[in-house]
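Asks: let's see this in three dimensions:
(one chain, ligands or ions: 1)
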Amino acid sequence: MAMRDFDSQDGNLLFGGMKAADIAAQFGTPLYVTDEARLRENYRRVYEAFSRYMETEVHYACKANTNLAILNILRAEGSGIDAVSIGEIETCLKAGFDPEKIMYTGVNVSNEELRAVVDRGVMINLDSVSEMKRLADIKTGLNVSFRITPGVGSGHDAKVITGNKGAKFGIPKEKIVETYLQAADLGLKPIGIHAHIGSGGQSVEPFEQEMEVLTELVNQLDEAGIKIRFIDMGGGIGVPYKPNEDEMDLNALASEVTDIIQQNTDVKKIVLEPGRYIVADSTILLTRCVDVKDAVTKKYVGVDAGFNTLIRPAMYDAYHYITLANRFGKACTGRYDIAGPICETGDYLGHNRVMPDVQEGDLVAIYDAGAYGFSMSSQYNSRPLCAEALVCDGKAELIRERGTMEDIWRHQKVPARLLQ
Ligand code: LLP
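Replies: Purely as a prediction, here's the structure:
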């Protein structure tokens, strides 16, 4: 399967059974719109791929998208959670998740945050020896796991590769046995092992290499008298963002990885933490063309969403497919750069895209925007955060109101002496 594409009706892109133009008319732009059915399907597909082979827990990496409606849907599907901050934990508890369904994997964690996570009854996946010692000072008797640095990295951009040697994350594989023994001495109960090689990888092989490392460590730990109950392979399953890009072979991934576990260890449970795979293609970003400019060497389509709304192109040079939702499938006659309202040259959503003759007022759809889209958005240039909607059975509902100027001013204080 390649990138997700959509049907149309009278030249209008259909999303979740509705015309995108009608959804935009209802709630304004910029607007993230999520297709509930697709979200559920994505969760089920990844859970079923792995659970066919062994006991599986899917911990949705909620950093990708923490909208409460989306979290409620995934809770109802039976998902667990990978959380990276106390804020994400509080958000998931608010969405009704049981603390036992959440695992916390922080990096450079403060004592204050550790205490709060312990208070919430959420299991901690330790990232460093320092964190382990500080946790044991707060409370003993806790089940824990450790994030290891497997020396294998993968990802769509250097900024999102995490498992390579020398990475900021985890405990080097050479130090694992001594660290687990020390944890047991300190009164903690190490029961799991975790690694995350990076985000958006498109091939199965790095995951196999990661699993070879993890299973070897499980056996070393076993010899040292420590029984591991689950292996957490992290997240990172890529999705196709380009029309002809292939999807990762999920079934091959699941069968290879679970096979390595079953051939080499007695571990009965696998945990995985997909973020992007579950939410990316469930959501499009709708943005209005407000300006068309001929800059002699290029033409610009100016839209009302910039890197304040979707930062991935500016930050990682990430590709998102872009099309006209109100003249869907029309012949492409021009080449355009799609740029937003942020006053920086780096504010772009796509370079050199072929599109029909774009007019002011056209509705632009940006695909695969559900992962790290809204969750990385900001109020830069004093532009309030955008709205989010959910489409289900041909009906759209708002799941986040558009931000206001009050949101931008909230919590700011001007000393009285400056008000004269
Ligand atoms: N588990 C851990 C420990 C992680 O650090 C991450 C992502 C995930 C799971 C989920 O990875 P996923 O399945 O979504 O690839 N902002 C970047 C991605 C950063 C990912 C950070 N960690 C982007 O927009 O591509």
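
Asks: which non-adjacent residue is nearest the residue in the stretch 101-250 of the chain that the ligand sits nearest to?
Replies: Distances from the stretch 101-250 of the chain to the ligand, computed as CB to the nearest ligand atom, single out Gly235 as the nearest residue at 2.8 Å. Quick note: C-beta positions are derived from backbone N, CA and C, even for glycine. Counting by CB to CB, 6 or more residues apart in numbering, Glu273 is the residue found nearest to Gly235 once chain neighbours are left out, at 3.9 Å.

Asks: do the host helix or strand of Leu39 and the ligand meet?
Replies: Element membership for Leu39, per DSSP states H and E: helix 36-51. No. Counting by CB under 6 Å from any ligand atom, the ligand is not contacted by helix 36-51; separation bottoms out at 9.8 Å.

Asks: CA atoms only for that helix, dumped as PDB, please.
Replies: Once side chains and other backbone atoms are set aside, the C-alpha atoms of helix 36-51 remain, and they are given as PDB (Å, rounded to 0.1, in the frame of the first residue of the first chain):
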ATOM      1  CA  GLU A  36     -12.300   8.400  13.500                       C
ATOM      2  CA  ALA A  37     -12.800   5.300  11.500                       C
ATOM      3  CA  ARG A  38      -9.200   5.400  10.100                       C
ATOM      4  CA  LEU A  39      -7.800   6.000  13.600                       C
ATOM      5  CA  ARG A  40      -9.500   2.900  14.900                       C
ATOM      6  CA  GLU A  41      -8.400   0.900  11.900                       C
ATOM      7  CA  ASN A  42      -4.800   1.900  12.300                       C
ATOM      8  CA  TYR A  43      -4.800   0.800  16.000                       C
ATOM      9  CA  ARG A  44      -6.400  -2.500  15.200                       C
ATOM     10  CA  ARG A  45      -4.100  -3.200  12.300                       C
ATOM     11  CA  VAL A  46      -1.000  -2.800  14.300                       C
ATOM     12  CA  TYR A  47      -2.300  -4.600  17.400                       C
ATOM     13  CA  GLU A  48      -3.500  -7.500  15.300                       C
ATOM     14  CA  ALA A  49      -0.200  -7.800  13.300                       C
ATOM     15  CA  PHE A  50       1.700  -8.500  16.500                       C
ATOM     16  CA  SER A  51      -0.900 -10.200  18.700                       C
END
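
Asks: might you enumerate the residues of the stretch 1-150 of the chain proximal to the ligand?
Replies: If contacts are counted using CB under 6 Å from any ligand atom, the residues of the stretch 1-150 of the chain sitting beside the ligand are 61, 64, 82, 105.

Asks: again, only using 8 Å
Replies: With CB under 8 Å from any ligand atom as the criterion, the stretch 1-150 of the chain comes near the ligand at residues 59, 61, 63-64, 82, 84, 105, 125, 147.

Asks: quick one: the longest helix anywhere in the chain near the ligand?
Replies: Longest helix in the chain, counting residues (DSSP state H): helix 205-223. No. Contact between helix 205-223 and the ligand is absent, the nearest approach being 11.5 Å (criterion: CB under 8 Å from any ligand atom).

Asks: so how far is that helix off the chain centroid?
Replies: Between the mean C-alpha location of helix 205-223 and the chain-wide mean there is a distance of 25 Å, by CA atoms, centre = their mean, to the nearest Å.

Asks: how about stretch 189-196?
Replies: 21 Å.

Asks: buried set for that stretch?
Replies: For stretch 189-196, a neighbour-count test (16 or more other CB atoms under 10 Å) marks 190-196 as buried.

Asks: contacts for that stretch next, please.
Replies: By CB atoms under 8 Å, 6 or more residues apart in numbering, the residues outside stretch 189-196 that reach it are 105, 125, 141-150, 152, 162-163, 169-170, 176, 180, 183-184, 210, 213-214, 217-218, 221, 226-236, 271, 273.

Asks: stretch 257-268 too?
Replies: Among residues not part of stretch 257-268, those counted as contacts by CB under 8 Å, 6+ apart are 50, 53-55, 207-208, 211-212, 215-216, 218-219, 222, 228-231, 233, 270.

Asks: what about the stretch 151-300 of the chain, any weak spots by pLDDT?
Replies: Per-residue confidence of the stretch 151-300 of the chain (counting by pLDDT under 70) places no residue in a weak region.

Asks: mind checking how far the most centrally placed residue in the chain is from Glu212?
Replies: The residue at the geometric middle of the chain, judged as the C-alpha nearest the mean C-alpha position with CA atoms, centre = their mean, is Ala64 (2.5 Å). For Ala64, the distance to Glu212 equals 27 Å [CB to CB, to the nearest Å].

Asks: same deal with Glu88?
Replies: Noted for Glu88: a distance of 30 Å to Glu212, by CB to CB.

Asks: what about these two, which has more around it?
Replies: The neighbour comparison of Glu88 against Glu212 (other CB atoms under 10 Å) goes to Glu88, with 21 against 14.

Asks: let me see the contact set for that one.
Replies: 62-63, 66, 81.

Asks: ok so it is a helix residue?
Replies: Yes. Per DSSP: H, G, I helix; E, B strand; the rest coil, Glu88 lies within a helix segment.

Asks: which residues in the stretch 101-250 of the chain form strands?
Replies: All strands of the stretch 101-250 of the chain, identified by DSSP state E, counting those that start in this stretch, fall at 102-104, 123-126, 143-149, 171-172, 189-194, 230-232.

Asks: buried among the contacts of stretch 189-196? Need that as a selection in ChimeraX.
Replies: In ChimeraX, a selection of the buried entries from the contacts of stretch 189-196 looks like this (16+ other CB under 10 Å):
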select :105,125,142,144,145,146,147,148,149,150,152,162,163,169,170,176,180,183,210,213,214,217,218,221,226,228,230,231,232,233,234,235,236,271,273
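
Asks: per-residue confidence at Met1?
Replies: Among the per-residue scores, Met1 shows a pLDDT of 61.

Asks: what is the burial count for the spatially closest residue to Leu142 that is not a sequence neighbour?
Replies: Closest residue to Leu142 in three dimensions, ignoring its sequence neighbours and counting by CB to CB, 6+ apart: Leu188, at 5.8 Å. Residue crowding around Leu188 was assessed by other CB under 10 Å; the count is 23.

Asks: shouldn't Leu188 be in contact with Ile138?
Replies: No. Using CB atoms under 8 Å, Leu188 is not in contact with Ile138, being 10.6 Å away.

Asks: and the helices in this structure?
Replies: Listed in chain order, the helices found in the chain under DSSP H are 20-27, 36-51, 68-77, 86-94, 111-119, 129-138, 176-185, 205-223, 250-264, 276-279, 312-316, 405-409.
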